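*Asks:* Okay, sequence plus prediction incoming.
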Amino acid sequence: MLRSAANIENDPGRLAVFTNAQDRIIPDPLVYSQWFRKADERKRRIAVGSRRYSALKSALGRSPAWEEFLDPKSGDLASLDRLQSETPRQREIRVAKARELLNARKAGLKRVTVRGY
């Protein structure tokens, strides 16, 4: 299970920074990416939906990585319809954009860790 740090989760002031309008914790895509890479296939299927996982695995001919499920425009998982209908080139472009966003987030987190801002 993916959870936030206890010192953040138990402090309403800190938690507010990591919640959406419905007061739900916003998942960190970098943490998901790390978890997804280490999880077994059953857990991966649960995380993204079995039909979505099967569709992408079939299209790729291998087990997909976390970022291959992402819609870079919304930050959510790409819909099953999109995964089934996109061409290999469209998928390549979508995944490249998702990777760019994840890399930018990683660089931003590193900058904040090193510089404090």
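*Replies:* Sure, I can see it. Numbering: from 1, shown residues only.
*Asks:* and after the lowest-mean-pLDDT helix or strand in the chain, which helix or strand comes next?
*Replies:* Lowest mean confidence among the helices and strands of the chain (mean pLDDT, DSSP states H and E): helix 12-16, at a mean of 41. Once helix 12-16 ends, the next helix or strand along the chain (criterion: DSSP states H and E) is helix 29-38.
*Asks:* which helices and strands does that next one pack with?
*Replies:* Applying 3 or more C-beta pairs under 8 Å, 6 or more residues apart in numbering; DSSP states H and E, we find helix 29-38 packed against helix 41-48, helix 88-115. Any C-beta I mention is one placed from the backbone N, CA and C, and that applies to glycine too.
*Asks:* winner for burial among the ones you listed?
*Replies:* Ranked by mean neighbour count under mean count of other C-beta atoms under 10 Å, these are led by helix 41-48, which reaches a mean of 15.
*Asks:* so after that one, what's the next helix or strand?
*Replies:* Using DSSP H and E, the first helix or strand after helix 41-48 is helix 50-60.
*Asks:* pLDDT averaged over that following helix - what is it?
*Replies:* Helix 50-60 shows a mean pLDDT of 96.
*Asks:* Pull out the buried residues from it.
*Replies:* Of the residues in helix 50-60, 52-53, 55-57, 59 count as buried by neighbour count, 16 or more other C-beta atoms under 10 Å.
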